[in-house]
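*Asks:* predicted model follows, preceded by the sequence.
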Number of protein chains: 2
Amino acid sequence: MKRKGTLFVVCGPSGVGKGTVCKELLKVKPEIGLSISATTRERRKGETEGVSYYFIDRNEFEDMIESDELLEYAEVYGNLYGTPKKYVLEQLNKGYDIILEIDTQGAMQIKEKYPKGVFVFLLPPSMEELRNRIVTRGRDSKDNIEKRLKCANEEIDFISEYDYYIINDDLTGAVNSLVSIIEAERCKVKNDICKLIKMYKEEI
Amino acid sequence: MKRKGTLFVVCGPSGVGKGTVCKELLKVKPEIGLSISATTRERRKGETEGVSYYFIDRNEFEDMIESDELLEYAEVYGNLYGTPKKYVLEQLNKGYDIILEIDTQGAMQIKEKYPKGVFVFLLPPSMEELRNRIVTRGRDSKDNIEKRLKCANEEIDFISEYDYYIINDDLTGAVNSLVSIIEAERCKVKNDICKLIKMYKEEI
């Protein structure tokens, strides 16, 4: 029986740097597949269709929900975000590891549907630093900043649902920690018990 | 509440290279403490008292058993080996990680007494390669070689008791895997839940 790939779910509050950490990770571990989300939110400057997101309209999104084509979906600040099922399951079945960068609502849906996933929570060095980051990137109104911080605070209440945490105080350190988590998961006995028995017991 | 250190138990069949891997690990991760075993077996050329082992006689060893000073002990090929409790527990209580290189009998005793330990099983690339290594190091009679291989075979039956496995086909790769396991364990949410709540919830 071929080993399935592992689904790594990287989650954390808005502004913590999930996107940057995952982008850097893929430079170090190019063998890992990145799941691209679909969203109804407007494309931001510098974002590319099919790379940053699949940008679709609300009707198309609702059709995908209807036909059960999403592994999870959530409405965040008035926009729909979701994970197309097909790519993720195909890659995992082929034995490839997949990384998924996702908000906390989505992560908990995935955990319910795919508990074998490995759930990583990215944290800011402090709540004060998270506020600085959100303010500095300059995308949000004052009201939105407060909303995001309130959400972040609530999200941290669910941290015990996650397997690992990484404090994103410097990018290289955070990426190295994520690499270690991936490498360690590949050494888990429970994932490979059949392979190991086959390797060492059948040759005798 | 201060976080306790983690006890990493590195185990595997005789001849697989546990000692070499742990020695190299300590060069990369000098902050980790190495637990030194006590043994009644004769000192081999190149071994140093208090570095390789504490070499003691059978009477002294039996006194330690009697006064419950050992975390585990076992008789292997007619010699007693054991782990003095004091150093390990002191270091863990101070928050330091400890590594323990041990035979499989001992590992299972530790697992019973200290299930929070992280158990790593080191494997040879194949059983044939294990035979080559034991033959090459030239310490064992033909009978002993067969005895060791039979033991190795039985030990692998218990692999599901371990958290991680590492195939020691090249030393650098094996050490890197062990480093990743240690780093990943340091990112486990369940080990740090109190610290995290304190860090992020009490500052608000």
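*Replies:* Good, I have the coordinates. Residues are numbered from 1 along each chain as shown, chains lettered A, B, ... in the order given.
*Asks:* name the element A:L100 belongs to?
*Replies:* Per DSSP states H and E: A:L100 is located in strand A:98-102.
*Asks:* what's the angle from the next helix-or-strand element following that strand to strand A:98-102?
*Replies:* With elements assigned by DSSP H and E, the helix or strand that comes after strand A:98-102 is helix A:104-113. The directions of helix A:104-113 and strand A:98-102 differ by 140 degrees, with axes from the mean of the first three to the mean of the last three CA atoms, to 10 degrees as the criterion.
*Asks:* contacts for the following helix or strand past helix A:104-113, please.
*Replies:* Note on helix A:104-113: by DSSP H and E, the next helix or strand toward the C-terminus is strand A:118-123. Strand A:118-123 is contacted from outside by A:6-13, A:16-18, A:21, A:107, A:111, A:156, A:159, A:161-168, A:174, A:178, A:181, A:185, B:187, B:189, B:196, B:200, using CB atoms under 8 Å, 6 or more residues apart in numbering or on different chains. C-beta: built from backbone N, CA, C; applies to glycine.
*Asks:* what's the answer for stretch A:22-42, then?
*Replies:* Contacts for stretch A:22-42 (CB under 8 Å, 6+ apart): A:5, A:8, A:10, A:50-58, A:61, A:64, A:70, A:79-84, A:87-88, A:91, A:96-102, A:171, A:175, A:178-179, A:182.
*Asks:* how about stretch A:157-175?
*Replies:* Applying CB under 8 Å, 6+ apart, the contact partners of stretch A:157-175 are A:11-12, A:16-17, A:20-21, A:24-25, A:28, A:104, A:107-108, A:111, A:118-125, A:177-178, A:181, B:184, B:187-190, B:192-193, B:196-197, B:201.
*Asks:* straight-line length of it, end to end?
*Replies:* Separation of the first and last residues of stretch A:157-175 by CA to CA, to the nearest Å is 24 Å.
*Asks:* distance between that stretch and the chain's centre?
*Replies:* Between the centre of stretch A:157-175 and the centre of its chain there are 12 Å (CA atoms, centre = their mean, to the nearest Å).
*Asks:* what comes up buried for it?
*Replies:* By neighbour count with 16 or more other CB atoms under 10 Å in any protein chain shown, stretch A:157-175 contains the buried residues A:I159, A:Y162, A:D163, A:Y164, A:Y165, A:I166, A:I167, A:N168, A:A174, A:V175.
*Asks:* and what of stretch A:28-39?
*Replies:* Quick answer for stretch A:28-39 (16+ other CB under 10 Å): A:I32, A:G33, A:S35, A:I36, A:S37, A:A38, A:T39.
*Asks:* against chain B, how distant is the nearest residue in space to A:L178 that is not next to it in sequence?
*Replies:* Closest residue to A:L178 apart from its sequence neighbours, by CB to CB, 6 or more residues apart in numbering or on different chains: A:L25 at 5.3 Å. Distance, A:L25 to chain B, using CB to the nearest CB, to the nearest Å: 14 Å.
*Asks:* pLDDT score for A:L25?
*Replies:* On pLDDT, A:L25 comes in at 97.
*Asks:* helix, strand or coil for it?
*Replies:* Assigned state for A:L25: helix (three-state reduction, DSSP: H, G, I helix; E, B strand; the rest coil).
*Asks:* residues near it, how many?
*Replies:* Using other CB atoms under 10 Å in any protein chain shown, A:L25 is surrounded by 22 other residues.
*Asks:* ok, now A:R131?
*Replies:* Neighbours around A:R131, by other CB under 10 Å: 17.
*Asks:* got a list of what it touches?
*Replies:* Contacts of A:R131 by CB under 8 Å, 6+ apart are A:I145, A:L149.
*Asks:* that one: which element?
*Replies:* In the assignment (DSSP H and E), A:R131 maps to helix A:127-137.
*Asks:* dump the residue contacts of the most centrally placed residue in chain A.
*Replies:* Centroid-nearest residue in chain A, with CA atoms, centre = their mean: A:E101, separated by 2.4 Å. A:E101 makes contacts with A:V10, A:C11, A:K18, A:G19, A:C22, A:L34, A:S37, as judged by CB under 8 Å, 6+ apart.
*Asks:* tell me the SS of the residue nearest to A:K190 when sequence neighbours are not counted?
*Replies:* Of all residues not flanking A:K190 in the chain, B:S160 sits nearest, at 7.4 Å (CB to CB, 6+ apart). Recorded secondary structure, B:S160: helix (three-state DSSP).
*Asks:* what parts of chain A come near chain B?
*Replies:* Within chain A, the positions adjacent to chain B are A:120-121, A:123, A:126-128, A:153, A:156-157, A:159-160, A:162-166, A:176-177, A:179-181, A:183-185, A:187-190, A:192-193, A:196-197, A:199-201, A:203-204 by CB under 8 Å from any CB of the partner chain.
*Asks:* same thing but at 6 Å, please
*Replies:* By CB under 6 Å from any CB of the partner chain, the residues of chain A that approach chain B are A:127, A:156, A:159-160, A:162, A:164-166, A:177, A:180-181, A:183-184, A:187, A:189, A:193, A:196, A:200, A:203.
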